[in-house]
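Trainee: Quick check, what structure comes out for this input:
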Amino acid sequence: MTRLRAIAAAGLCCAAAACNPSGRPASHDTAGAQDAASPGETPAVRSAEDAPRFAQSLDGVAIAYHVYGHGDPAVVLIHGWACDSGYWRAQLADLDARYTTVTLDLAGHGASGRNRTDWSMASYGEDVAAVVRQLPNRAIVLVGHLMGGPVALEAAPLIGERLIGIIGVDTFTSLGLPPPARQTLEAAIAPFRADFVGYMHRFVPTLFARSADPAVVTRVADDMSREPPQIAIASLIGLNTADFGLLLPRIHVPIVVIDSQPAHAANEARIRRLYPAFRSVTLEDSGHFLMLEDPEHFNPVLLREIASLSAARAAP
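Mentor: This is a model prediction of the structure:
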């Protein structure tokens with residue numbers, strides 16, 4: 001498989017990996033999007049909090065989001081490629097006990113609109129900014145999984161002084177590297193164009209640790225294969241033609257990445273030469289879906305990093 005700069009750690013879809021392992025029919029079925037539980041979970045009872053709210057992105061697309069809990073900072077969870085807000089179910093209880101917690105569906109995913117022609121990371125960044133504009137919180141932390149990391153970078157300059165930090169989850173492996181040549185990109189995307197559903201089912205298992213629950217892997221593969229190919233492929237092109245290094249001079253907050261294992265980790269030394277306020281944390285023995293595969297170890301690390309960002313902002 002051809003490996004691309006934005007997703008080199010996991011083949012084609014490291015930063016654009018599939019989501020919606022929630023077990024519902026698909027991430028693209030909007031009814032009851034927040035009522036499904038992740039594999040092995042009991043559905044949470046959250047009363048009116050499960051009703052989606054909507055913000056309007058810059059191009060007029062309706063962006064669905066949910067707000068849980070109270071307090072600062074507001075932690076905004078950004079899913080990856082072919083995902084939706086339900087992918088963060090295993091984090092909600094721990095997060096909203098301490099902070100305002102926001103999940104959202106990027107355009108073309110979950111309950112959000114699909115009336116878009118530009119599937120660039122910049123457009124997805126506008127989706128996040130539209131939701132943040134609806135939040136009254138004084139401080140914001142963006143958490144982006146895989147493709148959600150680059151989306152967070154795009155959103156950061158649009159949010160302004162309220163943003164206190166960005167946390168990436170198994171992402172940023174290509175930060176500071178140039179985009180791949182178009183010929184390389186097209187070669188990597190060709191199998192998706194030829195047989196989107198079949199190739200997704202062959203590809204998804206490579207994203208998981210060998211110890212992952214096979215039922216979870218199957219659910220993710222089934223859900224990923226239901227992503228509309230025209231949106232999925234356009235998003236991959238958008239991801240791999242963006243030069244995220246150009247965004248770094250416009251961002252002025254710490255960036256942290258929680259990686260799954262050393263083989264997949266971002267090159268901290270290289271990135272710190274470009275952006276000194278970057279650091280990485282490695283969570284061993286997980287695949288690219290850390291929050292799904294190992295929430296018992298992932299959640300405390302995420303909480304620790306959010307607390308660290310909050311303390312740094314509060315320090316004189």
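Trainee: And the residue lying closest to residue 90 once chain neighbours are set aside, how close does it get to residue 281?
Mentor: Nearest residue to residue 90 in three dimensions, chain neighbours excluded: residue 295, at 4.0 Å (Cβ to Cβ, 6 or more residues apart in numbering). Using the backbone N, CA and C atoms, a C-beta is placed for each residue, glycine as well. Residue 295 is 16 Å from residue 281, where distance means Cβ to Cβ, to the nearest Å.
Trainee: which of those two has more neighbours?
Mentor: Each of residue 295 and residue 281 has its neighbours counted (other Cβ atoms under 10 Å); residue 295 has more, 19 against 15.
Trainee: just checking, the more buried one touches residue 89?
Mentor: No. Assessed by Cβ atoms under 8 Å, residue 295 is found out of contact with residue 89, at 9.2 Å.
Trainee: What about the nearest residue to residue 135 once chain neighbours are set aside, how many residues nearby?
Mentor: Take residue 135 and drop its neighbours on the chain: the residue closest to it by Cβ to Cβ, 6+ apart is residue 74, 5.1 Å away. The number of residues packed near residue 74 is 23, by other Cβ under 10 Å.
Trainee: and residue 74, what are its bridge partners?
Mentor: Bridge pairing for residue 74 (DSSP bridges) gives the partners residue 100, residue 140.
Trainee: ok, now how distant is it from residue 103?
Mentor: Using Cβ to Cβ, one obtains 11 Å as the distance from residue 74 to residue 103.
Trainee: Is residue 63 in a helix, a strand, or coil?
Mentor: strand (DSSP: H, G, I helix; E, B strand; the rest coil).
Trainee: In contact with it, which residues are there?
Mentor: Residues counted as contacts of residue 63 (Cβ atoms under 8 Å, 6 or more residues apart in numbering) are 54-57, 104-107, 112-113, 127, 130-131.
Trainee: how does it look with 7 Å?
Mentor: 54, 55, 57, 104, 105, 107, 112, 127, 130, 131 (Cβ atoms under 7 Å, 6 or more residues apart in numbering).
Trainee: In helices only, show me the residues you listed.
Mentor: With DSSP state H as the criterion, helices contain 127, 130, 131 from among the contacts of residue 63.
Trainee: ranking those residues by neighbours, who comes first?
Mentor: residue 127 leads the ones in helices among the contacts of residue 63 on contacts (other Cβ under 10 Å) with 32 neighbours.
Trainee: Isn't that one up against residue 107?
Mentor: Yes. Taking contacts as Cβ atoms under 7 Å, residue 127 lies within contact range of residue 107: 5.4 Å.
Trainee: if I look at the two, which residues touch both of them?
Mentor: 57, 63.
Trainee: Residue 124 contacts residue 151, doesn't it?
Mentor: Yes. Assessed by Cβ under 7 Å, residue 124 is found in contact with residue 151 at 4.4 Å.
Trainee: secondary structure class for residue 281?
Mentor: Assignment for residue 281 (three-state DSSP): strand.
Trainee: From what I see, it and residue 255 are in contact.
Mentor: No. The criterion here is Cβ under 7 Å, and residue 281 misses it with residue 255 at 11.8 Å.
Trainee: mean confidence for stretch 304-315?
Mentor: The average pLDDT within stretch 304-315 is 91.
Trainee: Looking at the ones in helices among the contacts of residue 63, which one is closest to residue 237?
Mentor: Nearest to residue 237 among those: residue 127, at 17.7 Å, using Cβ to Cβ.
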